[in-house]
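Trainee: coords please:
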Amino acid sequence: MQRDRVIAYASRQLKPSEKNYPAHDIEMTTVVFALKLWRHYLYGTHCVICTDHKSLQYIFSQKEMNMLDRLKITQLKALHDEHLKSELMVKRRVELMNDSRGLKTYRERVWVPLLGGLWDLILNEAHKSRLSVHPGSTKMYHDLKVLYWWPTMKADIAQYVEKSTSETASLTKLAQLYLNEIVSRHGIPLSIVSDRDSRFVSSFWNSLQENLEYGGSWDYHLPLIEFAYNNSYYSSIDMLSYEILYGKKCRTPSCWLEAGEKQFAGPEIVQQTAEKVAIAREKLKAARDRQKMYADLHR
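Mentor: Residues are numbered from 1 along each chain as shown. Just a heads-up that it's a prediction; the model follows:
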């Protein structure tokens, strides 16, 4: 509109894929279509977009948007003059094309702006997903460059993989230390309290579970062998080694004690331990006597 008068109209039919869009996505596609059609009037200027669809009033502040909408909105923001320099797109802007989805592409690859944190989202999915299995920087770059592009893509991927590998190695070392010093002596904990954030604790749990899976060199798993030895039943003492110390079997992934299990504290646990030690001594003495009897029969 100009001076409160309509000066141009535009319309087109929905594409087959667009017919499946939710109502607000169809309205958003309409806005993108209009901006693309009349972009030569809008470059270098500020404009006001008016729409009668209420949900689009909050399009820039929605907490949850699909990837297609996020890319469209972020690309529109990043092409403003104040962002072009930081996006390294001052000269390359004229090389951007529009694909059938309304996305800006560079040589048939979707342009991903620095603005909006979409780089991290894509790199995390490509590197940490269960279907990607932590690829190296070269493989990851060749996988992503088929679909996406940004000016410093190759260097950013190499830096991301190097940082992620360092963090993973540090976490793996910490999990192995925890397994060697804590799990081998006291079993698997019900919970872990840490002064780090919840993401660290979640990643630590995953790393600990991976360390509990047997594989590789046998000497790497000696702490688990020690734990299994002490957490097994012995007929000579008619109980587990850990049962003498704790009064119960230590937790394992296959033997998880029920919630609300009895807790001992103070003098009670001392008494229980003393009783268990006395029983173990009696059982060991009975086992020695039985073995001596068998040996005497063959003399």
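Trainee: what bridges to residue 105?
Mentor: As for beta bridges, residue 105 partners with residue 97, residue 110 under DSSP bridges.
Trainee: State the distance from it to residue 75.
Mentor: Counting by CB to CB, to the nearest Å, the separation of residue 105 from residue 75 is 10 Å. Every C-beta, even on glycine, is put in place using the N, C-alpha and C of the backbone.
Trainee: Next, show the common contact partners of those two.
Mentor: residue 111 (CB atoms under 8 Å, 6 or more residues apart in numbering).
Trainee: Check the burial of residue 137 by counting its neighbours.
Mentor: Using other CB atoms under 10 Å, residue 137 is surrounded by 19 other residues.
Trainee: what ranges do the strands span in the protein?
Mentor: Remark: strands assigned in the chain by DSSP state E are 97-98, 104-106, 109-111, 148-149, 233-234, 239-240.
Trainee: Let's have these in JSON lines, adding distance to residue 291, mean neighbour count and mean pLDDT.
Mentor: Formatted as JSON lines, those follow (distance: least, CB to CB, whole Å; neighbours: other CB atoms under 10 Å; pLDDT from 0 to 100):
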{"stretch": "strand 97-98", "distance to residue 291": "86", "mean neighbour count": "12", "mean pLDDT": "88"}
{"stretch": "strand 104-106", "distance to residue 291": "80", "mean neighbour count": "19", "mean pLDDT": "91"}
{"stretch": "strand 109-111", "distance to residue 291": "75", "mean neighbour count": "20", "mean pLDDT": "92"}
{"stretch": "strand 148-149", "distance to residue 291": "71", "mean neighbour count": "18", "mean pLDDT": "93"}
{"stretch": "strand 233-234", "distance to residue 291": "14", "mean neighbour count": "14", "mean pLDDT": "68"}
{"stretch": "strand 239-240", "distance to residue 291": "18", "mean neighbour count": "18", "mean pLDDT": "68"}
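Trainee: Of the ones you listed, which is nearest residue 9?
Mentor: strand 97-98 (20.2 Å; CB to CB).
Trainee: any idea how far residue 165 is from the spatially most central residue of the chain?
Mentor: By CA atoms, centre = their mean, the mean C-alpha position of the chain lies nearest to residue 128, the distance being 6.3 Å. From residue 128 across to residue 165, the span is 12 Å (CB to CB).
Trainee: Same check on residue 142?
Mentor: According to CB to CB, residue 142 and residue 165 sit 18 Å apart.
Trainee: Where does the prediction get shaky in the stretch 1-150 of the chain?
Mentor: Applying pLDDT under 70 to the stretch 1-150 of the chain flags the ranges 1, 53-65, 130-134.
Trainee: again, only using 80
Mentor: Applying pLDDT under 80 to the stretch 1-150 of the chain flags the ranges 1-4, 7, 17, 21-25, 27-28, 40, 42-47, 49-67, 69, 128-135.
Trainee: and residue 161, how many residues sit next to it?
Mentor: Neighbour count for residue 161, taken as other CB under 10 Å: 21.
Trainee: you'd agree it is up against residue 138?
Mentor: No. Counting by CB atoms under 8 Å, residue 161 sits too far from residue 138 to count as a contact (9.1 Å).
Trainee: how about the nearest residue to residue 99, chain neighbours excluded?
Mentor: Nearest residue to residue 99, sequence neighbours excluded (CB to CB, 6 or more residues apart in numbering): residue 105, at 5.0 Å.
Trainee: returning to what we had before: do you know which of the strands of the chain lies nearest residue 205?
Mentor: strand 239-240 (25.7 Å).
Trainee: Residue 145 versus residue 139, what's the distance?
Mentor: Distance from residue 139 to residue 145, by CB to CB: 11 Å.
Trainee: Let me see the ranges of the helices in the chain.
Mentor: With helices called from DSSP state H, the chain shows them at 23-37, 39-42, 67-78, 81-84, 118-128, 137-144, 153-178, 184-186, 198-212, 222-230, 241-246, 267-297.
Trainee: mind putting these in CSV, distance to residue 192 included?
Mentor: Converted to CSV, these look like this (distance: least, CB to CB, whole Å):
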stretch, distance to residue 192
helix 23-37, 42
helix 39-42, 53
helix 67-78, 34
helix 81-84, 42
helix 118-128, 21
helix 137-144, 31
helix 153-178, 9
helix 184-186, 13
helix 198-212, 6
helix 222-230, 18
helix 241-246, 19
helix 267-297, 23
